[in-house]
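Engineer: return atomic coordinates for the entry below.
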Amino acid sequence: MRESVRSFRRNVVQVRQALAGLERGPGSLAVDGGHLGEPGVIERYKLLSIPVRRALNPNDRASFAAALAEIEAAPAPARGLLAPAVAAWRELGKELDSRVVLGGAPVLRRQILSEWLDAAAFYDKLDRDRAYDHLIDRWGKAAEGIGVELMEGAARALLLLDEAAAAALGEPVILPPPTRTPPPPPDPNESWWRRLLGLQPK
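Structural biologist: This is a model prediction of the structure:
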């Protein structure tokens, strides 16, 4: 099986981690950039928006479409798990192709999700571009609510496909965390006081 399914699975690990962070519950509210919201909420959405954005990009190695095509060609046990993922994906597609009135004009939900994912993925409080603020100024807080709902719907479809991907690869659904690379051994020629102070060797 090609690398795309493995890339998809590694990307979904980040989806699971981000969803777990969002499920820990809201904190206190504060005003940020003129908008009322939870401190750090956009940063938490950012953690989910990045892997979802990758999976929705057909040209990304971790894309949903590429992984689905590979799994459809896999043995029957993996194909048998595809039905819920395909159904969720089609339902999401129908919703994305529908329109909602924002700013006095009908807008495709697909466009809202795309701009929300960009705004959240590249959000930076110190960024002068302020893509998130431009999104809210253009369409109001409703755009955030729609974007979040669609993003979480996409995440659910990713999790369903990940179950089929796990079966196709013969792996557990929940992958273990990646092993940390051990630090290099100390240089025997390096002075002990430099190691103690954390200084780089000359």
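Engineer: what helix or strand is the residue minimising distance to the centre of the chain on?
Structural biologist: For the chain, residue 51 is the residue whose C-alpha lies nearest the centre (Cα atoms, centre = their mean; 2.7 Å). Residue 51 belongs to helix 41-56 when elements are defined using DSSP states H and E.
Engineer: just residue 101 next, same as before
Structural biologist: Using DSSP H and E, the element containing residue 101 is strand 99-102.
Engineer: other SSEs contacting that strand?
Structural biologist: Strand 99-102 makes packing contacts with strand 105-108, helix 109-121, helix 141-169 when contacts are defined by 3 or more Cβ pairs under 8 Å, 6 or more residues apart in numbering; DSSP states H and E. C-beta: built from backbone N, CA, C; applies to glycine.
Engineer: coming back round to it: buried sites along the helix holding residue 51?
Structural biologist: Residues 41-42, 44-56 are the ones in helix 41-56 that count as buried (16 or more other Cβ atoms under 10 Å).
Engineer: quick check: mean pLDDT of it?
Structural biologist: Across helix 41-56, pLDDT averages out at 90.
Engineer: mind checking how far whichever helix or strand comes after that helix is from the chain centre?
Structural biologist: In the C-terminal direction, the helix or strand that comes right after helix 41-56 (DSSP H and E) is helix 64-72. Relative to the chain's own centre, helix 64-72 is displaced by 18 Å; criterion: Cα atoms, centre = their mean, to the nearest Å.
Engineer: check which helices and strands helix 64-72 sits against.
Structural biologist: Helix 64-72 packs on helix 3-22, helix 76-79, helix 82-96, helix 141-169, going by 3+ Cβ pairs under 8 Å, 6+ apart.
Engineer: circling back: run through who's touching the strand holding residue 101.
Structural biologist: For strand 99-102, the surrounding residues in contact (Cβ atoms under 8 Å, 6 or more residues apart in numbering) are 106, 107, 108, 109, 112, 139, 140, 142, 143, 146.
Engineer: so which of the helices and strands packed on strand 99-102 is nearest residue 19?
Structural biologist: Closest approach to residue 19 among the helices and strands packed on strand 99-102 is made by helix 141-169 (6.2 Å; Cβ to Cβ).
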